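# Mind looking at a prediction? Sequence and model below.
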There are 2 protein chains.
Amino acid sequence: MEVKRKIVYYVASSLDGFISGLNDDISGFVASNGVDKYLSDLANYDTVIMGRRTYEFGYKFGLRSGQPAYPHMEHYIFSNNLKLTDPDPKVKVKNIDLDEIEKIQNQIGSDIYLCGGGQFAGWLLENKKIDILKLKLNPLILGEGIKLFGKSSKKYRLGLIDTEDYENGLQIMTYKINYKGEEKNDL
Amino acid sequence: MEVKRKIVYYVASSLDGFISGLNDDISGFVASNGVDKYLSDLANYDTVIMGRRTYEFGYKFGLRSGQPAYPHMEHYIFSNNLKLTDPDPKVKVKNIDLDEIEKIQNQIGSDIYLCGGGQFAGWLLENKKIDILKLKLNPLILGEGIKLFGKSSKKYRLGLIDTEDYENGLQIMTYKINYKGEEKNDL
């Protein structure tokens, strides 16, 4: 049996399930040594996948079109219409297509870091492609914004694998998503 | 200075911020000794407040109109149109009015248990009336349903006071809501 690389959705969220507030506002997420832990964890990933909006969100922070957001990782930006002029060899655009996801999963390498955003993560979830959810749970109520899994309305149980507590009320919880039994309407 | 009774929103939620799924479905919430802990904690409250929909939700589980859902508590059901015929002396209907909330807060008694639901909790949150959020965080993605704070779009920071881990991945997190600084758009 072939072993596929796992897809890990490692993401900051509010208590009410938003990964950013209105107008992509992430200013409410707390400063914490938990963020340092997250950044050092990223060193373990050699590959990142993300949606177009998440990639372009980096432009606000100085990322130039075609450049890698994480210099040590291979980037796959999933979009059916994004065109990058003269991209870095580490940055590739792929159509939103499960075959493209599976090709990456079948390569040799580390777990795959799913950077976001909600819409792309929702599509992956609906296709049972996210293996692990690492939630940086912020002590924050946002009320509106981009949801953890976008417009997905799928229901799934998860198994709690690990919890870590950090400064300023930040917790990082690691869950395995259980896709068995999802056909049952009541879970 | 007068000391008001605190309002404690003690509620089960999915990881994506829903207190119930579509059509009030709560079947996905896990069985756990954390639920026993919650039930034993309820013994400490002598007063419960809730919205009409939450009270009527009890009918599905055998509650009769006008009866107390929690026999040891005084019940205040907030609704501008609910009429109960011959209610138990422990069950009172109040208009959705901050003065009615404050009257209850100014009585002598325990902390006040806010039982829900999302819409009533959202109204209280917008009026800065919820002091403590006790979140029974379930390892569950629901995707749709009733949101933790209904239609409220207010943003607030919270302080994490306590975390407790229970069976089957259930965690109970206790937060104090910080209403200072909410005027700042960016928190």
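Sure thing, it's come through. Residues are numbered from 1 along each chain as shown, chains lettered A, B, ... in the order given.

# quick one, strands of chain A?
Taking DSSP state E as the criterion, chain A contains strands spanning A:7-13, A:18-20, A:47-51, A:74-78, A:91-94, A:112-116, A:132-137, A:140-141, A:146-147, A:156-165, A:171-178.

# Format the ones you listed as TSV; extra columns: mean pLDDT, mean neighbour count and distance to chain B.
(Each C-beta comes from the backbone N, C-alpha and C, glycine too.) Below are these laid out as TSV (pLDDT from 0 to 100; neighbours: other C-beta atoms under 10 Å in any protein chain shown; distance: least, C-beta to the nearest C-beta, whole Å):
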stretch	mean pLDDT	mean neighbour count	distance to chain B
strand A:7-13	98	22	8
strand A:18-20	97	26	7
strand A:47-51	98	24	18
strand A:74-78	98	21	21
strand A:91-94	98	17	25
strand A:112-116	97	25	14
strand A:132-137	98	22	6
strand A:140-141	97	25	5
strand A:146-147	98	24	7
strand A:156-165	97	16	3
strand A:171-178	98	20	6
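
# Make TSV out of those strands and add distance to A:D36.
As requested, the strands of chain A are arranged in TSV below (distance: least, C-beta to C-beta, whole Å):
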stretch	distance to A:D36
strand A:7-13	13
strand A:18-20	20
strand A:47-51	19
strand A:74-78	23
strand A:91-94	26
strand A:112-116	17
strand A:132-137	12
strand A:140-141	19
strand A:146-147	24
strand A:156-165	12
strand A:171-178	11
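
# B:L133: which of these is closest?
Evaluated with C-beta to C-beta, the strands of chain A place strand A:140-141 nearest to B:L133, the distance being 8.2 Å.

# For A:S20, give me its contacts.
Listed by C-beta atoms under 8 Å, 6 or more residues apart in numbering or on different chains, the contact set of A:S20 reads A:26, A:117, A:142, A:145-146.

# Most neighbours among those, which one?
A:L142 (28 neighbours; other C-beta atoms under 10 Å in any protein chain shown).

# roughly how far apart are it and A:N23?
Look at A:L142 and A:N23: by C-beta to C-beta, to the nearest Å, they are 12 Å apart.

# try A:A69
Relative to A:N23, and taking C-beta to C-beta, A:A69 is found at 20 Å.

# And for A:D88?
Taking C-beta to C-beta, one finds A:D88 at 28 Å from A:N23.

# between the two, who's got more neighbours?
Counted by other C-beta under 10 Å, A:D88 and A:N23 do not tie: A:D88 has more neighbours, with 13 against 8.

# Am I right that the more buried one is in contact with A:G66?
Yes. Counting by C-beta atoms under 8 Å, A:G66 is a contact partner of A:D88 at 5.8 Å.

# any shared contact partners between the two?
Joint contacts of A:D88 and A:G66 (C-beta under 8 Å, 6+ apart) do not exist.

# got the domain boundaries for chain A?
Following automatic domain parsing, chain A resolves into domains at A:1-9+A:17-44+A:127-180, A:46-52+A:60-109.

# what about the last one, distance to the chain center?
In other words, domain A:46-52+A:60-109. Mean-position distance between domain A:46-52+A:60-109 and its chain equals 13 Å (C-alpha atoms, centre = their mean, to the nearest Å).

# what's across from the closest residue to A:K83 other than its chain neighbours in the sheet?
In space, and not counting its chain neighbours, A:K83 is closest to A:V93: 7.4 Å by C-beta to C-beta, 6 or more residues apart in numbering or on different chains. Beta-bridge pairing for A:V93 (DSSP bridges): A:I77.

# need the contact list for A:V93.
So A:V93 contacts A:76-79, A:82-84, A:87 (C-beta under 8 Å, 6+ apart).

# A:S65 contacts A:Y59, doesn't it?
Yes. Assessed by C-beta under 8 Å, A:S65 is found in contact with A:Y59 at 7.1 Å.

# These two - which one has more neighbours?
Between A:S65 and A:Y59, counting by other C-beta under 10 Å, A:S65 is the more crowded of the two (15 against 11).

# Excluding chain neighbours, give the residue nearest to A:S32 in space.
A:L170 (4.0 Å).

# same thing with A:M50?
A:C115 (4.1 Å).

# Also A:N81?
Take A:N81 and drop its neighbours on the chain: the residue closest to it by C-beta to C-beta, 6+ apart is A:R52, 7.7 Å away.

# doesn't A:F78 make contact with the one you found?
Yes. Between A:R52 and A:F78 there is a contact under C-beta under 8 Å: 7.1 Å.

# returning to that earlier point: tabulate the contacts of A:V93 (CSV), appending distance to B:E102.
Output for these, formatted as CSV (distance: C-beta to C-beta, whole Å):
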residue, distance to B:E102
A:Y76, 55
A:I77, 53
A:F78, 52
A:S79, 52
A:L82, 54
A:K83, 59
A:L84, 58
A:P87, 60
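
# Now the two most distant members of those residues.
Checking the contacts of A:V93 with C-beta to C-beta, the most distant pair is A:Y76 and A:K83, at 15.2 Å.

# what's the spacing between A:K6 and A:S110?
9 Å.

# I misspoke; the intended subject was A:A43.
Note on A:A43: its distance to A:S110, by C-beta to C-beta, is 10 Å.

# Neighbour count: those two, which is higher?
Taking neighbours as other C-beta under 10 Å, A:A43 and A:S110 compare with A:S110 leading, 14 against 11.
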